[in-house]
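Novice: I would like to see how this sequence folds:
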Amino acid sequence: MVKILERTSTKVATEMAATAKKRRVGILGGTFNPPHLGHLVIADQVATQLGLDQVLFMPDAEPPHVDRKLTIPAKDRVAMVKAAIADNPRFALELTEVTRGGRSYSYDTMLQLTQQHPENQYYFIIGGDMVAYLPKWYRINDLIKLVQFVGVCRQGYSHESPYPVLWVDVPQIGISSTLVREQVRRGQSVRYLVPTMVDLYIKEHLLYRD
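Specialist: Numbering: from 1, shown residues only. Predicted coordinates for the structure are as follows:
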């Protein structure tokens, strides 16, 4: 009996040591149509508070729950994300979903990433408003075995969830991609709503005019 316990204890210790050595990598997915300062604040705050080594911004190719008519081509969204994160060495671009194409489901993506990068422990960042919808996510019971969900606190949304979620307090910034698009469509300034290079890209490529 003692030997069994010793073996079990050794196995647990080995697994804990392996986990401790893994790189802690955040995943911030989305349409990024366009990326704005709110996205950057969330990524920076989560990375700092959880001690992440890196945060990957992962644009989707064809979001499963968004009207396709409202989404500009992936190449433009990728270019804007790249411009938005260029000055932060902790941020990087993850193109798995864009490269694969088609509809983007988090389980498929994270299965691929965990298989390709077993050295990483992934922290999947979502808004507090999305936590309530986790039971409806594709293969959620398998997905929670691959990632640690991180919920960004939002006023008025419950922290209750049948799934393990780490909650992070982030300054509330009332900026959304919808707001940015509407401002551009109306000919209004989006300075200080998006990074300067994103603002320039939108103007240069005449995005969101219609």
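
Novice: When you work out contacts or count neighbours from here on, use the C-alpha atoms and nothing else.
Specialist: Noted.

Novice: where do the helices sit along the protein?
Specialist: Using DSSP state H, the helices of the chain run over 2-21, 37-50, 74-85, 96-100, 106-116, 140-143, 177-185, 196-204.

Novice: The ones you listed: which one's closest to Y163?
Specialist: With Cα to Cα, the closest approach to Y163 among these belongs to helix 140-143: 8.7 Å.

Novice: helices or strands next to the closest one in the packing?
Specialist: Helix 140-143 is packed against helix 106-116, with contacts defined by 3 or more Cα pairs under 8 Å, 6 or more residues apart in numbering; DSSP states H and E.

Novice: dump the residue contacts of the residue nearest the centre of the chain.
Specialist: For the chain, L28 is the residue whose C-alpha lies nearest the centre (Cα atoms, centre = their mean; 1.1 Å). For L28, the contact set (Cα atoms under 8 Å, 6 or more residues apart in numbering) comprises 43, 55-58, 124-126.

Novice: if we go to 7 Å?
Specialist: Applying Cα atoms under 7 Å, 6 or more residues apart in numbering, we find L28 in contact with 56-58, 124-125.

Novice: so of these, which ones are in strands?
Specialist: Within those, residues falling in strands by DSSP state E are 56-58, 124-125.

Novice: In this structure, where is pLDDT below threshold?
Specialist: The model of the chain has pLDDT under 70 over residues 1-20, 63-70.

Novice: so can I have CSV of the helices of the chain showing mean neighbour count and distance to R154?
Specialist: Below are the helices of the chain laid out as CSV (neighbours: other Cα atoms under 10 Å; distance: least, Cα to Cα, whole Å):
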stretch, mean neighbour count, distance to R154
helix 2-21, 11, 30
helix 37-50, 18, 12
helix 74-85, 20, 23
helix 96-100, 16, 27
helix 106-116, 15, 22
helix 140-143, 14, 22
helix 177-185, 17, 17
helix 196-204, 16, 26
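
Novice: right, and those helices - which one's nearest Y157?
Specialist: When the helices of the chain are compared by Cα to Cα, helix 37-50 sits nearest Y157, at 16.7 Å.

Novice: hmm, back to that, nearest to S104 among the contacts of L28?
Specialist: Proximity of the contacts of L28 to S104, judged by Cα to Cα, is greatest for M58, which lies at 10.6 Å.

Novice: Is the closest one bridged to anything, and to what?
Specialist: Note on M58: beta-bridge partners by DSSP bridges are G29.

Novice: what's the neighbour count on it?
Specialist: The number of residues packed near M58 is 21, by other Cα atoms under 10 Å.

Novice: Check the one 4 residues further on too.
Specialist: Burial of E62, expressed as a neighbour count using other Cα under 10 Å, amounts to 20.

Novice: try D87
Specialist: 9.

Novice: One more: the one 4 residues further on?
Specialist: Counted with other Cα under 10 Å, residues neighbouring F91 total 22.

Novice: Isn't it up against L52?
Specialist: No: between F91 and L52 there is no contact under Cα atoms under 7 Å: 10.5 Å.

Novice: coming back round to it: and the buried ones among the ones in strands among the contacts of L28, selectable in ChimeraX?
Specialist: Selection of buried members from the ones in strands among the contacts of L28 for ChimeraX, criterion 16 or more other Cα atoms under 10 Å:
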select :56,57,58,124,125
